[in-house]
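[1] Provide a 3D model corresponding to the input given below.
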Amino acid sequence: LKTGIEFWKIPDHTLPLVTLIVDIDAGITSEPAGKFGVCQLTAETLVRGGTTNMSAEEFNRQAELLGLSFGSRSSQEFTQVSVSCLAKDLNVAMMMLMDLIKNPAFDEKEMELVRDGQIEQVKRMEKVPFFQAFNAMSKRLWGEDHPNARRPSAKELEALTKDDLVAFHKAKYHPNISRFAVIGAADDEACKLIKMKLKNWKGKAEGTAVLPQAAPMSEERTIILVDRPGTQAVVAMGHLSVGPKHPDRYTLEIFNEIYGGAGLSSRLMNQVRTQKGLAYVVMGAHMFQLPTGVFIAGCMTKNESVVEAITTIMDVTEQMQKEPVPEEELSSIVEAVENSFIFRFERPRRVLSRMLEYRRMGMPEDYLATYLEKIRAVTPEKIMKAAQDHVHLEKLQIVVAGPVEELKPQLETLGWPIEVVDND
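    Presented below is the predicted three-dimensional model:
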């Protein structure tokens, strides 16, 4: 449209339901310095805090009477605000959604309720061992202040005010960096009316924030020991890797399934859990994200078996680099990927999410059309070569979260540098 907003339509007339989604290039990356957490707090308060035309109480009562379901979602790159409704209520749902987008009131009582919930969630997550370890890993790989490593603290959330939410909304919620999607049983006439209403959404954001590159990472294999009490430790090891557009992506997707993604049949699960009983769950994969990917592996294990868990994961990884995958194992994995491919698009909203994800990652236009063809072209030799090229055991940053006094003597037997950090 002339205002800069893109219009997307995904028809589905299975049920008389419609979902409207405003997708805005205003994620965590867009947060001003010192205002960490403002993106999600803005989005969540926006859908609960009423508008300048309707109080929060009136707005929420009207939504309840009509069975409208408003929601929001935030990530590093984007924020989404949505409403789901019966097709017969599409017109009023559209008007209420755009009233929220253009004229949010950010009711302070609702803001406090949203913030209290977020603070409680932060406090709960800070007690979860896996979160502690992988949070430390993110900071190690990306740098303390990188959006991919930032997690707002309770103190930072408490410091945010209504004025901060108003300022973030004023700067970022504009049509020129947005997409509007209609999913479901909306006919052409309804879509024409929606487009007419979108013309009234004015304003322009001054560009979009771009995810910065990671801070320089240690080139030496290092253990980062995070002090926390308990009888079990969490191990997370990894390094930065290639991004989603790399030509080896398809090969690495098959590598992921064989290495750690194919449930109990994956090599990590077979060795770490089934054969040695070191952990109930173990994972490992190349994660394709922006601005670049990450290779990561990890598990939770008893304190006394931390060293064995680390060396076992590394042995499995090294085997992928030295020995071609048997044809039979590869064939079964490729077949499983083929059979599961359709389920990426089984629901219209998932189709939209996938399409937006591929677009943000800059995937080529024929990515989906050629995906299965390129997956079928993966060979044992390609997998071994990709493992050699993109997994660097000598550069692994190994985070271990557990009691320092018990674990440090064990880890010292590996002969690698150890950094001890507080669990803050």
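[2] tell me where the stretch 1-150 of the chain has helices.
    Ranges of helices within the stretch 1-150 of the chain are 38-46, 56-66, 90-102, 108-125, 129-142, based on DSSP state H, counting those that start in this stretch.
[3] could you do the stretch 201-350 of the chain as well?
    Under the criterion DSSP H, counting those that start in this stretch, the stretch 201-350 of the chain contains helices at 249-256, 267-268, 306-322, 327-341, 348-360.
[4] right, and those - which one's nearest Val404?
    Evaluated with Cβ to Cβ, those place helix 306-322 nearest to Val404, the distance being 11.9 Å. Using the backbone N, CA and C atoms, a C-beta is placed for each residue, glycine as well.
[5] buried residues, that closest one. List them.
    Val306, Val307, Ala309, Ile310, Thr312, Ile313, Met314, Val316, Thr317, Met320, Gln321 (16 or more other Cβ atoms under 10 Å).
[6] and it, what does it pack onto?
    Where contact means 3 or more Cβ pairs under 8 Å, 6 or more residues apart in numbering; DSSP states H and E, helix 306-322 is packed against strand 232-240, helix 267-268, strand 282-287, strand 294-302, helix 380-390, strand 397-402, helix 404-412.
[7] from the rest of the structure, what touches it?
    233, 235, 237, 255, 258-259, 267-268, 271-272, 276, 278-279, 282, 284, 297-299, 301, 383-384, 387-388, 391, 393, 396, 398, 400, 402, 407, 410-411, 413-414 (Cβ atoms under 8 Å, 6 or more residues apart in numbering).
[8] which among these end up buried?
    For the contacts of helix 306-322, buried by 16+ other Cβ under 10 Å: 233, 235, 237, 255, 258-259, 267-268, 271-272, 278-279, 282, 284, 297-299, 301, 383-384, 387, 391, 396, 398, 400, 402, 407, 410-411, 414.
[9] may I see the buried residues of the lowest-mean-pLDDT helix or strand in the chain?
    Scoring the helices and strands of the chain by mean pLDDT, DSSP states H and E places helix 348-360 at the bottom, with a mean of 86. By 16+ other Cβ under 10 Å, the buried positions in helix 348-360 come out as Pro348, Arg349, Val351, Leu352, Ser353, Met355, Leu356, Arg360.
[10] what's that helix packed up against?
    strand 6-11, strand 17-24, strand 178-184.
[11] so which residue is dead centre in the protein?
    Centrality entry for the chain: nearest residue to the mean C-alpha point is Ser75, 6.6 Å, by Cα atoms, centre = their mean.
[12] just want the phi and psi numbers for it.
    phi -140, psi -170 (degrees, to the nearest 10).
[13] pull stretch 52-70 out as PDB, backbone CA atoms only.
    Extracted C-alpha coordinates of stretch 52-70, given in PDB (Å, rounded to 0.1, in the frame of the first residue of the first chain):
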ATOM      1  CA  THR A  52      -7.600   6.700  24.000                       C
ATOM      2  CA  ASN A  53     -11.100   6.000  22.700                       C
ATOM      3  CA  MET A  54     -12.000   3.100  25.100                       C
ATOM      4  CA  SER A  55     -10.800   2.500  28.600                       C
ATOM      5  CA  ALA A  56      -9.000  -0.800  29.300                       C
ATOM      6  CA  GLU A  57     -12.100  -2.000  31.100                       C
ATOM      7  CA  GLU A  58     -14.500  -1.100  28.300                       C
ATOM      8  CA  PHE A  59     -12.100  -2.500  25.600                       C
ATOM      9  CA  ASN A  60     -11.700  -5.800  27.400                       C
ATOM     10  CA  ARG A  61     -15.400  -6.100  28.100                       C
ATOM     11  CA  GLN A  62     -16.200  -5.600  24.400                       C
ATOM     12  CA  ALA A  63     -13.600  -8.100  23.400                       C
ATOM     13  CA  GLU A  64     -15.000 -10.700  25.800                       C
ATOM     14  CA  LEU A  65     -18.600 -10.100  24.600                       C
ATOM     15  CA  LEU A  66     -17.600 -10.700  21.000                       C
ATOM     16  CA  GLY A  67     -15.200 -13.500  21.800                       C
ATOM     17  CA  LEU A  68     -12.200 -11.600  20.300                       C
ATOM     18  CA  SER A  69      -8.800 -12.900  21.300                       C
ATOM     19  CA  PHE A  70      -6.100 -10.200  21.300                       C
END
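[14] from the chain's centre, how far out does it sit?
    Relative to the chain's own centre, stretch 52-70 is displaced by 30 Å; criterion: Cα atoms, centre = their mean, to the nearest Å.
[15] which residues does it contact?
    47-51, 81-86, 89, 92-93, 96-97, 99-100, 103-105, 107, 109-110.
[16] can you pull the buried residues of it?
    By neighbour count with 16+ other Cβ under 10 Å, stretch 52-70 contains the buried residues Met54, Ala56, Phe59, Asn60, Ala63, Leu66, Leu68, Phe70.
[17] quick check: mean pLDDT across that stretch?
    The average pLDDT within stretch 52-70 is 95.
[18] could you number the chain from 38 rather than 1 from now on?
    Let's use 38 as the start, then, which means that last one is stretch 89-107.
[19] low-confidence regions, this structure specifically.
    For the chain, the stretches flagged by pLDDT under 70 are 461.
[20] follow-up on the earlier one: starting at the chain centroid, how far to the least confident helix or strand of the chain?
    13 Å.
[21] picking up where we left off before, now which of the contacts of stretch 89-107 would you call buried?
    84-88, 118-123, 126, 130, 133-134, 136-137, 141-142, 144, 147.
[22] out of these, name the ones that lie in strands.
    Val118, Ser119, Val120, Ser121, Cys122, Leu123 (DSSP state E).
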